[in-house]
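# here is a sequence with its predicted model. Questions after.
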Number of protein chains: 2
Amino acid sequence: MKITLAHGSGGKITHELIKDVFFRHLGNDILKKAEDSGVADARPGKMAVTTDSFVVKPVFFPGGDIGKLAVCGTVNDLAVTGASPKYITAGFIIEEGFSLEDLEKIVRSMAEWALKAGVEVIAGDTKVVEKGEADGIFINTSGVGFFEGASELSAGNIRPGDKVIITGTMGDHGIAVLSRRKGLDFQSDIKSDCAPLAGMLADVTAAGGVKFMRDPTRGGLATTLNEITRGTELGIVIEEEKAPVSGPVRSACELLGLDPLYVANEGKAVIVAGKGSAENIIAVLRRHEYGKDASVIGEVTREAGGRVCLRTRYGTARIIDMMASEQLPRIC
Amino acid sequence: MKITLAHGSGGKITHELIKDVFFRHLGNDILKKAEDSGVADARPGKMAVTTDSFVVKPVFFPGGDIGKLAVCGTVNDLAVTGASPKYITAGFIIEEGFSLEDLEKIVRSMAEWALKAGVEVIAGDTKVVEKGEADGIFINTSGVGFFEGASELSAGNIRPGDKVIITGTMGDHGIAVLSRRKGLDFQSDIKSDCAPLAGMLADVTAAGGVKFMRDPTRGGLATTLNEITRGTELGIVIEEEKAPVSGPVRSACELLGLDPLYVANEGKAVIVAGKGSAENIIAVLRRHEYGKDASVIGEVTREAGGRVCLRTRYGTARIIDMMASEQLPRIC
């Protein structure tokens, strides 16, 4: 069965698709009311709101699919601000002719990961465009989270001497997607790290000392670190040998001429924490499935203001700038 | 200037686009923090959350553009539940080669209509796909609204004898988009009715007696009425001659073989209200710019359970079913 324009008409066929696929897998009391908005309990205080569109190619890749990616990406964007993710929305743009079976696989995957991440899908939308006017399927997920006593994290809290922590190996997602796209075989099983980090990051913030978190997705670790220092008086110095990169990802990057520090991750966070808290945070992280390879990779400095500096394993130093152009299109 | 893949890389060029286009027009204290989520004040009690992707073709049409449509569509989806729209998000999927000038026009339009609708854009995302892999630009807007003392409206409140009100003429949006798409010239100026209805609908609910509201977008009035009766014991009977359709839209529909009751609207609401309140609601609506042609078009019945029935101007009656297939793809 293929998706047709009628699936996006708003009429009978759309309603059948909603019932048979979306409600079947993602349904909950709020979504199933099928009103124009999902109505849910809010919390007093601050809330976090985020949005992300996913155009990853191919839609199925080692370690995940566009549905898992959409759920985890949005959950992680909420979690890194210190909020507890609660509700997400799902907007589908589907190309006419896309496989209904693949759509259902994707939606099932979203349901599975939403459950694991502790979020409910409370609003959705489906549009279908003519064959050739989109590439398979694009998914937007937006999300809402509440702070529930936790405080809002912000780059403004960062001070010289703070430690920079990364929760695991770099570049796995980008290389996994690329390997499937190009039909490359790296003789080893490189899987996307795509994962929902909210539980682990909540434990980390509860442990104390966390000042700022961000997930190093598009543009990788290098871009995220530059986003922190950019336009500030602060620099960041990281030690190349402490930035964890798996053997297979390192080999693949050498083969492809890519720098793993610029390659996208989808299940990692950069954490900036007070000097005295770093060790405890590493201990908390390593207890988690998604934090086993956590490592302190560097620190915030007064020197090199606005810049990110890498101390190589040979003792030399170089500036790690933000990437100017596109290294890997449609990685998420 | 054209959009390139680098604009979606997450690197320097993406940051420039965000600063020069998105922050310049949509910027506010929350958005400009450029964190992974916008952090804003929540309200205790219930909240409404909605999402919509817009794929309208062409992106500029008489009476609006995809940006205005995205803002108004999401604002209206919140407003019809009885909530007061507060925050929206904006997710862009752009085809490589799309005009930067057109993007800026669209973003400026979003800013203008967000201001008029009283909502702030607090989170955004930009993805760029290769030439030929999307059609120009797709926009997702998700939204959050709060009830602030108002009660949640729901189809479950509807009873036989309730009046069915429409806030204005039918089919203007669909015909305006179609005329531009096909290069048709109807010898008259048919404009999209695209408009933010939150202010008007808040006045209407404050007036009392409103049980349910919905905006008749894709699939038009006929589909919306069927969504109300579907799976219930209730029927709806509407009087054809009371459903307002402008002369030019009626002529265009005749020419194109379309039924205006199935054509999309983007600045109209269907309101179901208690019998005794209908007259006052019409008076409130007619005071508003967007409600001048408001009219009671029919009522909820015990008969014809689950169905919508049209009494024609010739005294005959026919069932108005939900459309099965696609009449007008990519109308929103």
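Received it, and whenever you're ready, just let me know what you need. Residues are numbered from 1 along each chain as shown, chains lettered A, B, ... in the order given.
# distance of whatever residue of the stretch 101-250 of chain A ends up closest to chain B from B:Ile13?
Nearest to chain B in the stretch 101-250 of chain A, going by C-beta to the nearest C-beta, is A:Arg218, at a distance of 3.0 Å. For glycine as for every other residue, the C-beta is placed from the backbone atoms N, C-alpha and C. Counting by C-beta to C-beta, to the nearest Å, the separation of A:Arg218 from B:Ile13 is 12 Å.
# can you check A:Thr14 too?
37 Å.
# thinking again about what came up before, of A:Arg218 and B:Ile13, who's got more company?
A:Arg218 (25 against 21; other C-beta atoms under 10 Å in any protein chain shown).
# I'd assumed B:Gly10 was in contact with the more buried one.
Yes: in this structure, A:Arg218 is within contact of B:Gly10 by C-beta atoms under 8 Å, at 3.0 Å.
# what about the nearest residue to A:Glu96 once chain neighbours are set aside, neighbour count?
Distances taken as C-beta to C-beta, 6 or more residues apart in numbering or on different chains put A:Lys131 closest to A:Glu96, at 4.5 Å, once the chain neighbours are dropped. Other residues within reach of A:Lys131, judged by other C-beta under 10 Å, total 14.
# wait, doesn't A:Lys131 sit right on A:Leu5?
No: A:Lys131 is not in contact with A:Leu5 according to C-beta under 8 Å; the separation is 9.2 Å.
# overlap in contacts, those two.
Among the neighbours of A:Lys131, those also in contact with A:Leu5 (C-beta atoms under 8 Å, 6 or more residues apart in numbering or on different chains) are A:Glu96.
# quick check: chain neighbours aside, which residue is closest to A:Leu234?
A:Val300 (5.4 Å).
# who does whichever helix or strand the one you found is part of pair up with?
Per DSSP states H and E, A:Val300 falls inside strand A:295-301. Strand A:295-301 has the following sheet partners, assigned by DSSP bridges: strand A:163-166 (antiparallel), strand A:235-239 (antiparallel).
# quick one: distance of it to the chain centre.
Taking C-alpha atoms, centre = their mean, to the nearest Å, the mean C-alpha location of strand A:295-301 is offset from the chain mean by 21 Å.
# can you name the element that comes right after it?
Following strand A:295-301 toward the C-terminus (DSSP H and E): strand A:308-311.
# just checking, what packs against that next one?
For strand A:308-311, the packing partners by 3 or more C-beta pairs under 8 Å, 6 or more residues apart in numbering or on different chains; DSSP states H and E come out as helix A:220-229, strand A:235-239, strand A:317-319.
# run through the stretch 51-200 of chain A and note the low-pLDDT ranges.
A:185-188 (pLDDT under 70).
# near chain B, which residues of it are found?
A:51-55, A:76-78, A:80-81, A:83, A:87, A:89-93, A:122-125, A:127-130, A:132-135, A:138, A:140, A:142-146, A:152, A:154-155 (C-beta under 8 Å from any C-beta of the partner chain).
# go with 6 Å
Contact residues, the stretch 51-200 of chain A versus chain B (C-beta under 6 Å from any C-beta of the partner chain): A:51-53, A:55, A:77-78, A:80-81, A:87, A:89, A:91, A:93, A:122-123, A:125, A:127, A:129, A:133-135, A:138, A:140, A:142, A:152.
# strand partners (parallel or antiparallel) of the biggest strand by length in chain A?
For chain A, the strand with the greatest residue count under DSSP state E is strand A:84-95. Partners of strand A:84-95 in the sheet, by DSSP bridges, are strand A:120-129 (parallel), strand A:137-146 (antiparallel).
# buried sites along the helix or strand following it?
Sequence-wise, the next helix or strand downstream of strand A:84-95 (DSSP H and E) is helix A:100-117. Buried residues in helix A:100-117, counted by 16 or more other C-beta atoms under 10 Å in any protein chain shown: A:100, A:102-104, A:106-111, A:113-114, A:116-117.
# with stretch A:116-124 instead?
A:116-117, A:119-124.
# mind picking the two most distant members of those?
Farthest apart among the buried residues of stretch A:116-124 by C-beta to C-beta are A:Lys116 and A:Ala123. That separation is 20.2 Å.
# which residues are in contact with stretch A:64-79?
A:48, A:50, A:52, A:54, A:56, A:59, A:85, A:88, A:106, A:109-110, A:113-114, A:117, A:139, A:141, A:143, A:145, A:192, A:194-198, A:201, A:215, B:36-37 (C-beta atoms under 6 Å, 6 or more residues apart in numbering or on different chains).
# surely A:Glu240 touches A:Tyr314?
No: in this structure, A:Glu240 is not within contact of A:Tyr314 by C-beta atoms under 6 Å, at 8.8 Å.
# now do the shared contacts for those two.
Here A:Glu240 and A:Tyr314 have no joint contacts, going by C-beta under 6 Å, 6+ apart.
# so what's the closest residue to A:Ser151 other than its chain neighbours up against?
Sequence neighbours aside, A:Gly82 is the residue nearest to A:Ser151 in space, at 6.3 Å (criterion: C-beta to C-beta, 6+ apart). Residues in contact with A:Gly82 (C-beta under 6 Å, 6+ apart) are A:150, A:152-153, A:205.
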